[in-house]
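**Q** Next come a sequence and a model predicted from it.
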Amino acid sequence: MAAVLAVGVAVADRLLVLERYPEEDEELRAEEALALPGGNAVNLLTVLARLGHRCRLLAALAEDAEGERLTAALEARGVDTAGCPRLAGSTPVSCILLSRATGSRTIIHHRALPEPTARHFAALDLDGVAWIHFEGRRPEATAAMMSRARERAPGARLSLELEKDRPGLEALLPLVDLVILSRAYATARGLAGPEEALAWAQERAPRTLLAVPWGEAGAWGLEPGCSRPCHVPAAPPPQVVDTRAAGDAFAAGLIHALLASQALPEALAYASRLAGAKCGRLGLDDFPLPPLAL
Ligand code: ADP
């Protein structure tokens with residue numbers, strides 16, 4: 001199994017499962033209440049740790065009580081936080097209202113903590129790291145981290161997930177080996193569908209492996225130098241319970257399969273099975289992990 005590093009934001013997720021979405025000013029009793037670690041990089045590492053990889057996180061952790069709880073929850077899930085800077089500020093929180101009636105997931109974020117800088121990244125020992133994943137955030141700092149990663153860990157593969165459309169992120173595409181471009185990003189950029197998203201990304205990063213997950217429609221991928229995308233259908237669980245973090249589970253499955261030297265179509269199919277299994281359970285801690293067909 002491999003050493004994997006992911007860079008992003010560590011969040012305290014507070015999840016309330018409701019029978020239905022409330023009216024404004026209404027009082028309602030939740031069916032379930034959970035406090036879980038969240039954030040794209042954290043979710044990705046949580047799944048990769050369950051798959052047996054040695055996972056390290058670079059994210060800011062606040063010097064508050066919530067930060068201590070979050071650190072303990074990450075360590076309990078096998079995510080090494082030793083390289084995370086402890087900063088003044090408050091732990092990022094996301095409140096999530098999950099409606100059983102419609103399956104909607106309303107998310108409210110609060111962020112008041114600086115993010116790690118290229119200097120924090122430069123302080124990490126990258127010896128033996130096989131894969132480094134970046135959340136698509138702050139383009140300049142991330143580009144500097146990627147350049148450092150190429151210098152200090154020339155054997156490592158780099159990946160980038162584009163979720164929110166932030167100015168300048170497209171400059172990062174050619175700097176990595178794998179780009180996962182989400183439906184949310186594609187939609188925000190006015191790209192009508194997965195094939196348009198792949199063509200857009202390939203124009204900017206002709207030598208990069210590309211993947212576009214698209215919810216229940218499954219996922220599309222494109223190899224460098226290839227003009228015909230491949231598609232894998234979604235693998236729905238018997239009952240869809242929680243699609244939150246499906247994209248992160250998908251990314252973890254893709255990285256796991258690529259680390260095992262699978263070709264893109266097989267890796268996409270595995271990622272799709274893993275993400276589908278995740279949708280059948282609340283959270284990421286106990287959904288069944290499908291075996292990798294070798
Ligand atoms: P995000 O979490 O970024 O919104 P998506 O909704 O695009 O991600 O889902 C990522 C992947 O998760 C999809 O490509 C698919 O494989 C799987 N997935 C998502 N929703 C479902 C669903 N309802 N049933 C089965 N698989 C799903």
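**A** Everything's here; your move.

**Q** What residues does the stretch 101-250 of the chain have near the ligand?
**A** Taking CB under 6 Å from any ligand atom, the part of the stretch 101-250 of the chain that reaches the ligand is made up of 182-183, 213-216, 218-219, 234, 236, 240, 243, 246-247, 250. From N, CA and C alone the C-beta is placed, and that goes for glycine too.

**Q** Mind doing that once more with 5 Å?
**A** 182-183, 213, 215-216, 219, 234, 236, 240, 243, 246-247, 250 (CB under 5 Å from any ligand atom).

**Q** any idea which of these is closest to the ligand?
**A** G247 (2.3 Å; CB to the nearest ligand atom).

**Q** what about that closest one, which helix or strand?
**A** G247 belongs to helix 246-259 when elements are defined using DSSP states H and E.

**Q** what number of residues lie near A217?
**A** The burial metric for A217, expressed as a neighbour count using other CB atoms under 10 Å, is 14.

**Q** Would you mind pulling up the elements that the helix holding G247 packs against?
**A** With contacts taken as 3 or more CB pairs under 8 Å, 6 or more residues apart in numbering; DSSP states H and E, helix 246-259 sits against helix 40-50, strand 129-135, strand 157-162, strand 178-181, strand 209-213, helix 264-279.

**Q** Okay, now the unreliable bits of the stretch 151-294 of the chain?
**A** 294 (pLDDT under 70).

**Q** number of nearby residues for R29?
**A** 7.

**Q** what about it, which SS state?
**A** Per DSSP: H, G, I helix; E, B strand; the rest coil, the secondary structure class of R29 is coil.

**Q** Can you read off the pLDDT for it?
**A** According to the model's per-residue confidence, R29 sits at a pLDDT of 97.

**Q** and it, backbone torsions?
**A** phi -100, psi 130 (degrees, to the nearest 10).

**Q** hey, where'd the helices end up in the chain?
**A** Assigned helices in the chain, in chain order: 40-50, 65-76, 118-122, 139-152, 183-188, 194-204, 246-259, 264-279 (criterion: DSSP state H).

**Q** export these to TSV and tack on distance to S227 and mean neighbour count?
**A** Listed next are the helices of the chain as TSV, based on distance: least, CB to CB, whole Å; neighbours: other CB atoms under 10 Å:
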stretch	distance to S227	mean neighbour count
helix 40-50	29	27
helix 65-76	41	17
helix 118-122	35	17
helix 139-152	27	17
helix 183-188	18	17
helix 194-204	8	19
helix 246-259	21	26
helix 264-279	14	23
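
**Q** that older thread, mind putting the helices and strands packed on helix 246-259 into TSV with distance to G8?
**A** What follows is the helices and strands packed on helix 246-259, written out as TSV (distance: least, CB to CB, whole Å):
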stretch	distance to G8
helix 40-50	3
strand 129-135	4
strand 157-162	9
strand 178-181	13
strand 209-213	17
helix 264-279	18
